[in-house]
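>>> I would like the atomic coordinates for the input below:
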Amino acid sequence: MLDFIYYPVSGIMWVWHWLFSHVTPASPGGDGIAWAMSVVFLVFTLRAILYKPFVKQIRTTKKMQEINPQLQAIRKKYAKDRVKMTEEMQKLQKEHGFNPLLGCLPMLLQIPVFIGLFHVLRSFNRMGTGMGQLGMSAAETRSQGNYVFSAEQVQNFLDARLFGVPLSSYLVEPATEFQAFVEPGAPIDFTRPQIAYVVVPMMIVASIATHMNSRASVQRQPEAALENPQTRMMNNLALYIFPIGILVTGPFFPVAILLYWMSNNIWTYGQQHLVFGKIAKEEEEAKRLKQEKLKANAPKPGARPDRKKRNAAAADSGSAGVSLTKANSTDGASETSETSSPGESTAADSGAGAKPKPGQKPTRSGAGAAPGSKKQPPNRGGKSTAKRGGKRGGGKR
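Predicted coordinates:
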């Protein structure tokens, strides 16, 4: 059903076993070290393939933390419009080049690998009757191949011992299936307590390593991300639920699976420090270059700042306003000259709203009148106001 997973996983394991079988010496019960190292380097090979997606996951996570306040603002603003909320969030993510799938891609790719390795390891011993098992006898399971492994290699794996126990044995395995790990008719050379002595410490180490990796990842998160309820929930799952899950399910996992889990955590711990250190150096270098650029653009000590560009920009921005003001002034002056009468020029020259001198009567000309005010009626007597004033003055004398 999932042969496209089982064959590649078993093929990588076969290559590493072939290599280590020529390096490590054979033991009386089989080359357990070679098989154990093939499992360890199977993990390392797969994690090396997933290195670039892991780096993208870290960068995606950091970018998610940067835009998280904006996402929260969008959720709050469009709380009653789910469609608009989704559109705005997708738009924001697209603007920042954020892809949510990259954040979970490495984890999603590791799931089929884990399932494939679990199935391949269980298929070395097919005496079980559970899911994926064929219920074979001990003789049949030792004479059948296992995907890319031949029947002889299956026998070598079943006879191999790591700390005195088979690599595909597990703590709650039925005793009837122990016969597959020895030659037909030979006595069982291990006990269930021996399996517990190997499995329980490996479970504890794998659980602690999972917790430490999660803790190192959480400590690198900014405070703004830690205030998010969803982030806190995921952090609690990674810090406590997953490690406890290993302790609960550990008795059902073969020794080789626990070895896989420990190796995976060791790789993750080293890879996190490498990637986060690399990203920190990149950020520090970008910060240094920015400071050098600002320092290069800053004026030297004792020198006046170069204001040519700023003055030129101010002149450009103010030229439009000056020309507009001149145009308006010209228009206003033309309108005044058109609407004012010849008798109003004296008042215009003296200035609108000017105070009269002591003893002088205020002029009643329309020069200072507001636009639209009524003009003075014409002098029908044919005598100017000045002449009448002169007669009055003569009378007084």
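
>>> Would you mind confirming that Leu121 is in contact with Phe253?
No - in this structure Leu121 lies outside contact range of Phe253 using Cβ atoms under 8 Å: 9.2 Å. All C-beta spots, glycine's among them, are computed from the backbone N, C-alpha and C.

>>> By mean pLDDT, flag the weakest helix or strand of this structure.
Lowest on mean pLDDT, DSSP states H and E among the helices and strands of the chain sits helix 345-350, with a mean of 40.

>>> Can you show me the helices along the stretch 1-150 of the chain?
Per DSSP state H, counting those that start in this stretch, the stretch 1-150 of the chain carries helices over the ranges 3-21, 32-49, 51-77, 82-95, 100-122, 138-142.

>>> mind giving me a markdown table with the ones you listed and columns for distance to Asp189 and mean pLDDT?
Output for the helices of the stretch 1-150 of the chain, formatted as a markdown table (distance: least, Cβ to Cβ, whole Å; pLDDT from 0 to 100):
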| stretch | distance to Asp189 | mean pLDDT |
| --- | --- | --- |
| helix 3-21 | 21 | 92 |
| helix 32-49 | 13 | 92 |
| helix 51-77 | 41 | 79 |
| helix 82-95 | 59 | 83 |
| helix 100-122 | 20 | 77 |
| helix 138-142 | 14 | 91 |
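
>>> For the stretch 201-350 of the chain, which residues score under the pLDDT cut-off?
Within the stretch 201-350 of the chain, the stretches with pLDDT under 70 are 222-228, 300-350.

>>> Can you show me the helices along it?
For the stretch 201-350 of the chain, the helices defined by DSSP H, counting those that start in this stretch cover 223-226, 229-236, 242-249, 255-297, 308-339, 345-350.

>>> Who are the packing partners of the third one?
Under the contact criterion of 3 or more Cβ pairs under 8 Å, 6 or more residues apart in numbering; DSSP states H and E, helix 242-249 touches helix 192-219.

>>> again, only this time at 10 Å
helix 192-219, helix 255-297 (3 or more Cβ pairs under 10 Å, 6 or more residues apart in numbering; DSSP states H and E).

>>> now swap in the second one and tell me
Taking 3+ Cβ pairs under 10 Å, 6+ apart as the contact definition, the neighbouring helices and strands of helix 229-236 are helix 51-77, helix 192-219, helix 223-226.

>>> And Leu50, how close does it get to Pro299?
In this view, Leu50 and Pro299 are 51 Å apart by Cβ to Cβ, to the nearest Å.

>>> who has more neighbours, these two?
Shown here are Leu50 and Pro299; by other Cβ atoms under 10 Å, Leu50 has more neighbours (19 against 9).
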